[in-house]
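> sequence first, then the predicted structure:
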Amino acid sequence: MVLPVETDDVITISDVSKLCEDISSLYLNEKFSDVILVVDGHKLHSHKAILAVRSEFFEALLYDGHQDLKQSEVAITDVSPEAFKKLLKFIYTGTITVTSNVGLILEVLGLAHQYSFKDLENATIQKLKSALNLKNICSILNTANLYDLSDLKQACHTFMDQNASEIVTGDCFTDLSQKSLIKLLQRDTFFAPEMEIFKSVSKWCKVNDDVDGLVIRSVRLSWLTVVDIVSIVWPSKLVENENLLGAIAEIVGVRAKTSVCRAKKLTDLNIATPENKAEVIAGNNTTFLLTGNRNVDKYAYHSIDCKNSITVKLGVPSYLNHINMMLWDKDLRYYSYYIEVSLDQENWKKVVDYSSYSCRSIQDLYFKEEIAQYVRIVGTHNSAHREFHLVFFEAYFKATIPKVIGDIICPITNVATLSKKAMVIEGSNPNELINENFTKYDGSTGYTFHTVGVDKIMVQLAQPYMISSMKLRLWDGDGRSYRYFIETSVDKSNWKIAADRRNEDCKSWQTLQFDQRPVVYIRITGTHNTANNGFHCVHLECPASSDNK
């Protein structure tokens, strides 16, 4: 349809759809054709001007030095007629129909890359990413490495990480190019038993040329056993004796390992489950610990002394940066503990050390990523008696983690809430202060209070947090004003001033800033009320929210 557009004394006529239709009709059309592209004996009638204006490659091919190429036939090599027709169709129409034939898609991708059709290249990559499977993954990775397509390489590597054992033993493994295989084996997250990797690499070497021995050197021999080295690797004659002796020296600890252990990286998935072959190998009454149990009547425990722990063995070496677990919390008791990780149960690394902090209920823990197969939770204190009680345990590798200083989270949202398992352990009407409701209150309900000069309000967070701000709403139903001060502590013994308003008349919302510190306990002490001898708090935020209240 022709659409006229009037503006003052100018009329613009648009007929874009008809233009596209007319140009599309020239695809493989002898009419007006002035060049024939010959692809594997197939003659494809084309039009120089259209090819040149759509592709710099064809412009250079057909118009050498701006002079019209005189020959009427041009040979196109190293591509199938079917794939080249797909490209021509895209050149003439701007559209392409992609089949499920991965080999054909890879050819089209190669042409799109060669002729700089970026939109076609990206669309083809997206199609390939959605079609990845165990049969085609090796050929797709080879193509991604050939053209250095980072997005497609990443998708292939992620798929291969998730299916490493199947890839290693699969039929297509020997189809990998040397470059593809080296880059794959260099990935710490490509986890399969190293002996299986060696056996498959041996098969690869029988049908491929391992130039300069780069592939075989990508096998991490020091993570095999001495028996494997002597009985399987040495007889293969693929590894020089000097390298074998070096690997054995690393295995027996004569010298430090030069390669990192491969490990599974399952993002945002709890790997401490029976389904993932995890098990509890130390501790008492551990049957329910890894089953998702949330019933506090069922818990694992150990006696608190230097020899005891609750230890979880993960199914395979895995990446970790997050632990979620629950301490028994049916009363006011609190615990202290630390957590260590290990690959071999001999060398342990402490990733969380809360042995100097008071902790209760849900523990939401983050730390720098580690590779581990064993996680050891060691209770160091229970305020009620000499046992450490754990209701459930979960372990993760999280794609994104909050800001952490050492092993303590720097929260950006309020953690002084019932949902975050905070408690008001001193003060009347305790839960009103941390129930996240700061609008419904009157003269008798909706606030937590203490008697001035007699006691205080004290809040215990579930675990230590790095805090540098708080927000407080004082009861403001009339014109009264208050004076107060706030202290923080990690152990309820050593206190540090966070805010001192003992010489100010304060009303309603109070936003408090102070030097950043670990906080478990918050003690609010009212020193004056112009109306009576009560100190009344409607709401506490820790840290302070950024909105204007």
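Received it, and whenever you're ready, just let me know what you need.
> pLDDT below threshold where in this protein?
1-10, 12-15, 64-71, 547-549 (pLDDT under 70).
> could you redo the last one with a cut-off of 80?
Along the chain, segments meeting pLDDT under 80 span 1-17, 19-27, 64-71, 98-100, 306, 546-549.
> how is the protein divided into domains?
16-131, 151-261, 274-409, 423-541 (automatic domain parsing).
> mind checking how far the longest one is from the chain centre?
Taking C-alpha atoms, centre = their mean, to the nearest Å, the mean C-alpha location of domain 274-409 is offset from the chain mean by 21 Å.
> circling back: need the domains of the chain in JSON lines (columns: mean neighbour count and distance to residue 267).
C-betas here are computed from N, CA, C, even on glycine. Shown next, in JSON lines, are the domains of the chain (neighbours: other C-beta atoms under 10 Å; distance: least, C-beta to C-beta, whole Å):
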{"stretch": "domain 16-131", "mean neighbour count": "15", "distance to residue 267": "17"}
{"stretch": "domain 151-261", "mean neighbour count": "16", "distance to residue 267": "9"}
{"stretch": "domain 274-409", "mean neighbour count": "18", "distance to residue 267": "5"}
{"stretch": "domain 423-541", "mean neighbour count": "18", "distance to residue 267": "24"}
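> quick one: closest of these to residue 138.
Closest to residue 138 of these, according to C-beta to C-beta: domain 151-261, at 4.0 Å.
> can you list the strands that the helix or strand hosting residue 502 pairs with?
Assigned by DSSP states H and E, residue 502 falls within strand 496-506. Looking at strand 496-506 with DSSP bridges, its partner strands are strand 482-489 (antiparallel).
> now do the SS call for the spatially most central residue of the chain.
Centroid check for the chain by C-alpha atoms, centre = their mean gives residue 399 as the closest residue, at 1.4 Å. Assigned with DSSP: H, G, I helix; E, B strand; the rest coil, residue 399 falls in the coil class.
> mind putting the domains of the chain into TSV with distance to residue 137?
Shown next, in TSV, are these (distance: least, C-beta to C-beta, whole Å):
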stretch	distance to residue 137
domain 16-131	10
domain 151-261	6
domain 274-409	21
domain 423-541	43
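> nearest to residue 144, out of the ones you listed?
Of all those, domain 151-261 comes closest under C-beta to C-beta, at 4.0 Å.
> first vs last residue of that closest one, how far apart are they?
26 Å (C-alpha to C-alpha, to the nearest Å).
> go on, stretch 202-222?
First residue to last in stretch 202-222 (C-alpha to C-alpha) measures 17 Å.
> from the chain's centroid, how far away is stretch 31-41?
Using C-alpha atoms, centre = their mean, the offset of stretch 31-41 from its chain centre is 51 Å.
> ok, now stretch 128-148?
Worked out by C-alpha atoms, centre = their mean, stretch 128-148 lies 23 Å from the chain centre.
> and for that stretch, what's in contact with it?
By C-beta atoms under 8 Å, 6 or more residues apart in numbering, the residues outside stretch 128-148 that reach it are 100, 102-103, 105-106, 109-110, 113, 149, 151-153, 155-157, 159-160, 163, 166-167, 170-173, 175-177, 179-180, 183-184.
> with stretch 240-251 instead?
217, 221-222, 224-226, 229, 233-234, 255-258.
> show me those that map onto helices.
Here DSSP state H is the test, and those give 226, 234 as lying in helices.
> of the contacts of stretch 240-251, closest to residue 318?
Looking across the contacts of stretch 240-251 and measuring by C-beta to C-beta, the closest to residue 318 is residue 257, at 18.2 Å.
> residue 522 versus that closest one, what's the distance?
46 Å (C-beta to C-beta, to the nearest Å).
> with residue 237 instead?
From residue 237 to residue 522 the distance is 69 Å (C-beta to C-beta).
> tell me where the stretch 401-549 of the chain has strands.
404-405, 408-409, 423-426, 448-451, 457-474, 482-489, 496-506, 509-529, 534-541 (DSSP state E, counting those that start in this stretch).
> which among those is found nearest to residue 438?
Between those, strand 534-541 lies closest to residue 438; by C-beta to C-beta that is 3.6 Å.
> counting by contacts, list what that closest one packs against.
strand 448-451, strand 457-474, strand 482-489, strand 509-529 (3 or more C-beta pairs under 8 Å, 6 or more residues apart in numbering; DSSP states H and E).
> who are the packing partners of the last one?
Pointing back at strand 509-529 there. strand 348-359, strand 457-474, strand 482-489, strand 496-506, strand 534-541.
> how about the CA coordinates for the second one, as PDB?
Listed in PDB are the C-alpha atoms of strand 457-474, where the atom choice follows Å, rounded to 0.1, in the frame of the first residue of the first chain:
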ATOM      1  CA  ILE A 457      15.500  -2.300  75.000                       C
ATOM      2  CA  MET A 458      17.900  -4.900  73.500                       C
ATOM      3  CA  VAL A 459      17.700  -6.500  70.100                       C
ATOM      4  CA  GLN A 460      19.700  -9.600  69.000                       C
ATOM      5  CA  LEU A 461      20.300 -10.200  65.300                       C
ATOM      6  CA  ALA A 462      20.600 -13.700  64.100                       C
ATOM      7  CA  GLN A 463      24.200 -13.400  63.200                       C
ATOM      8  CA  PRO A 464      26.900 -10.700  62.900                       C
ATOM      9  CA  TYR A 465      26.400  -8.100  60.200                       C
ATOM     10  CA  MET A 466      28.600  -5.200  59.100                       C
ATOM     11  CA  ILE A 467      26.400  -2.100  60.000                       C
ATOM     12  CA  SER A 468      27.000   1.600  59.700                       C
ATOM     13  CA  SER A 469      23.500   3.000  60.000                       C
ATOM     14  CA  MET A 470      20.100   2.600  61.700                       C
ATOM     15  CA  LYS A 471      16.700   4.200  61.600                       C
ATOM     16  CA  LEU A 472      14.500   4.500  64.600                       C
ATOM     17  CA  ARG A 473      10.900   5.700  64.900                       C
ATOM     18  CA  LEU A 474      10.000   7.100  68.300                       C
END
